[in-house]
Every structure is written in C-alpha cells, then in structure tokens.
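>>> Structure for this input, please:
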Amino acid sequence: MGGTEKQLSLLVASLNPNVFRPIVVQLGPQSHENTSDTTENIKLFHFPTKKIYNLHGLNQIRKLVNLAKDEQVDIIHTFFEKSEVMGWLVKKMAGIPVWVTSRRDLGFKRKEIYDRIFRISSRDCDKCVANCIAVKEQTLENEGLPEEKVEVIYNGMDFSPYKQAYNGYALRKELGINDQTSLAGMIANFNFEIKGHQYFIEAAKRILEQEGNVEFILVGDGALRKRFEKLSEELGIRQKVHFLGKRNDIPAILSNLNVSVLCSTNEGFSNVILESMASGKPVVATKVGGSPEMVKEDITGHLVPSANSSALADAIINVLNDPNRAVAMGIEGRKLAQERFSVYAMVKQYERLYKSLISEHHVI
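Model prediction:
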C-alpha cells in the first residue's frame, strides 16, 4: 500500500464503532472478480474500474449508487482522482447528504483532464481535506474554493512498530558495514523523478570526497532504479551505495541510520519523514511541500533547497560530524511526531469533522 492507503486503513480501523459504520470501496483493477467482505466493523467492497467513461465504468457507478442506497450512506469520503469523479456522481445520484473529498499531494502526477474536472466537481463538496498547509494553499489557488471549505488534517502515525527495541546493527551486518561507519539512507520508490535520487547520489559523491567513513542506502524499487545504479557506477561510488529494493522492515532499517534523507523536488506530506521522526532519527529534507511543517531547522533536522546536491551534502555532513546534536535532533523529532501526528489526533479531527457536517445537514 502507498501512503494514502495506509492513512485510510488507520482511519477506518480507529473510528468510534458506536458512532461510525465504515464501508471501504476499492476501485483499483485486480485480477479477481468483485467481492465483498467484512472485517470486524468495516465492510469491504471491490469494484475494479479501469475507465469511468465506458459501459463498464458506468455500470460500476450504478452499482455504487445501489450500494449507497442499500447501506443508507450518510457520508462519502473520496481519495484519488477516479474516486473523486465517481464519488461526485454517486453523491448526486444516490442523494448522499455529505461529501468530503481529499487532496493528498501537490498534483504532480495528476492528468490535466482531472484538474479541469476538479475545478467543477470540488464546488459540490462539503469539505476538502488537505493533509498539510502546502497542499491546502495549492488547492485554494488551483481550484478557487473558498478558504473555509478546505481543512487541514495531518496524517496520523502508528508509533507502535517504532517503540520496539531493534538491533541497530542488523542491517550493517547484512551489508558488511561496521558499527563505526556512518550510514545515511533514503526511503523512496524509483517510479518518479521527483523523489530526487539523482541529488542523493550526487551528494554521496561530494560527501565521500570529504568523509571517507560513510556509506549510503537506498530503499525502494521501480522503473528508474537501474538508471541510478548506473549513475553511482559512473561516479565511482557504487561500492558505497547500497540499493536494497523493496523492504518490509522499515522500522528496523531506520534504526540503523545516522541520518534519514528525503530530497524530493515535489512532495505533499511525507510519511517517510514521519517514520524517521518516530524512529528518533535526524532528518535532512528539501524545503518543498509539507516537509517544513514537520522538519524544524536545526531542531529536528535540516531543510535544504531542492535540486541542490551541494547543499544536501553539506547538511548531511553537518549531522554526521556532530553525533550528540544528531541524537538531540532525533529526540526532538520523536517528541514532535508523537504530539502532532498521532493516529489519535488524526482520527479525532475526522470524527469532529464528520459529526459537524452531519449536524449541518440535519441528518438523524
């Protein structure tokens, strides 16, 4: 699952079951046929939809309308482009009282057709939830919504996996790196240029010219991976840069790092930064999107300009050369994450929002 799916999963699993009856509908294409299932108090449905505007897509919308009526749905909350369009139509056709939509990123991969549709559809929503101030500001600018219609609710973090005591040297042992070697890591898929892998690798080259006792890890996979493996070879640092692929032990990996890096050129609200803070690690991130809302300069880490490998290298060296300060930054980061970005805080804000909208529509 991606970041948004994880947030949705946390939300529906944590809503007060005495007040809310969550129904989750997955639209993503899968090989299996339509199914429905129930997990505890959450009903799960799968209506795979590749295209909206064909006979199959229109039939899926009809099914959603029937489902909404059968289940007597009071609130529809949509995530992603396809669900926004289908949800908008289902709200109108099924007479659903409340529609909440979402903006989860800065729209870097959104097709232009959806931008045009959003400028029309979002006018009908009761509330648009942005996951950070930066996303809210862009939404207001691009879609022309009144400011009171867009509300910021930050992502919530499940801290339980990060409270466990991990062996901070397990990954080093796996890779043959001794515990005296500094380790800088970046967790990001290789699907999009915007993640800035190029600048991380270029920064690694600069750092190794000044600091010999440091190595680098890249966690994630995707179509661009081979290109950046080749770049590390061309720069003569391949033996110092470890490409780990997709991993399921992120908390354990983070426990091995001296500094966690995210150098995106475009970013909404990064769950990786939250995970790094929850792990008590100092963060070096680019000053884009919602990152400055999490990383506090020289308190929980450092912020640098995007697409600037020199500034990125300097900030990483700054952290590695002052281990006591790095530990203090990690402690502050964990404290900030627990105070502002807990699942409890997120869910309570959503519950308050849902209740207020239901009250406004006089739904009983």
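>>> so what's S83 up against?
25, 27 (C-beta atoms under 8 Å, 6 or more residues apart in numbering). Placement of C-beta: from N, CA and C, glycine included.
>>> Would you double-check that it falls in a strand?
No - applying DSSP: H, G, I helix; E, B strand; the rest coil, one finds S83 to be helix, outside a strand.
>>> any idea of the pLDDT on it?
Note on S83: pLDDT of 92.
>>> And it, how far from L208?
According to C-beta to C-beta, to the nearest Å, S83 and L208 sit 45 Å apart.
>>> Now I23. Nearest residue, chain neighbours left out?
Nearest residue to I23 in three dimensions, chain neighbours excluded: K43, at 4.6 Å (C-beta to C-beta, 6 or more residues apart in numbering).
>>> With H197 instead?
Nearest residue to H197 in three dimensions, chain neighbours excluded: F228, at 4.7 Å (C-beta to C-beta, 6+ apart).
>>> now swap in K355 and tell me
V19 (7.7 Å).
>>> okay but the one you found is in contact with R352, surely?
No - under the criterion of C-beta atoms under 8 Å, V19 is not in contact with R352, lying 11.3 Å apart.
>>> Can you pull the residues that touch both of these two?
In contact with both V19 and R352: no residue, using C-beta under 8 Å, 6+ apart.
>>> Now do the SS call for the residue nearest to G57 when sequence neighbours are not counted.
Take G57 and drop its neighbours on the chain: the residue closest to it by C-beta to C-beta, 6+ apart is K51, 5.1 Å away. What three-state DSSP gives for K51 is coil.
>>> re the thing from before, I'd guess the residue nearest to H197 is in a helix, am I close?
Yes - secondary structure of F228 (three-state DSSP): part of a helix.
>>> contacting residues around it?
190, 197-198, 201, 218, 243.
>>> What segments of the stretch 51-200 of the chain are helices?
55-70, 81-94, 112-121, 133-143, 170-175, 197-210 (DSSP state H, counting those that start in this stretch).
>>> now the ones you listed in TSV, with distance to K127?
What follows is the helices of the stretch 51-200 of the chain, written out as TSV (distance: least, C-beta to C-beta, whole Å):
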stretch	distance to K127
helix 55-70	18
helix 81-94	13
helix 112-121	14
helix 133-143	12
helix 170-175	42
helix 197-210	36
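>>> and of the ones you listed, who's closest to L11?
Among these, the nearest to L11 by C-beta to C-beta is helix 81-94 (14.6 Å).
>>> For L175, give its distance to V19.
Counting by C-beta to C-beta, the gap from L175 to V19 is 48 Å.
>>> count of neighbours near T78?
Neighbours of T78 under the rule other C-beta atoms under 10 Å: 22.
>>> ok, now how distant is it from D322?
46 Å.
>>> how about the nearest residue to H242, chain neighbours excluded?
Nearest residue to H242 in three dimensions, chain neighbours excluded: I217, at 4.7 Å (C-beta to C-beta, 6+ apart).
>>> Show me where the protein dips below the pLDDT cut-off.
Residues of the chain meeting the criterion pLDDT under 70: 1, 30-40, 108-109, 165-168, 363-364.
>>> For P29, see how far away the residue nearest to G57 is.
From K51 to P29 the distance is 10 Å (C-beta to C-beta).
>>> and if you look at K287?
37 Å.
>>> more crowded one of the two?
Ranked by neighbour count (other C-beta under 10 Å), K287 and P29 place K287 first, with 16 against 10.
>>> Pretty sure that one sits against A307.
No - look at K287 against A307 with C-beta under 8 Å: they stay out of range, at 11.1 Å.
>>> picking that back up, what about the residue nearest to H242, which SS state?
Following three-state DSSP, I217 is assigned to strand.
>>> can you count the residues close to it?
22.
>>> what does the one 5 residues further on give?
For G222, the neighbour count with other C-beta under 10 Å is 16.
>>> gap between it and F190?
Distance from G222 to F190, by C-beta to C-beta: 3 Å.
>>> Just give the nearest non-adjacent residue to M86, would you?
Leaving aside its chain neighbours, M86 sits nearest to I61 (5.7 Å; criterion: C-beta to C-beta, 6+ apart).
>>> For the one you found, which residues are in contact?
52, 86, 89-90, 93.
>>> Show me how to select, in ChimeraX, the buried members of those.
In ChimeraX, a selection of the buried entries from the contacts of I61 looks like this (16 or more other C-beta atoms under 10 Å):
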select :52,86,89,90
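>>> In TSV, list the contacts of I61 along with distance to K136.
Shown next, in TSV, are these (distance: C-beta to C-beta, whole Å):
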residue	distance to K136
I52	27
M86	24
L89	25
V90	25
M93	29
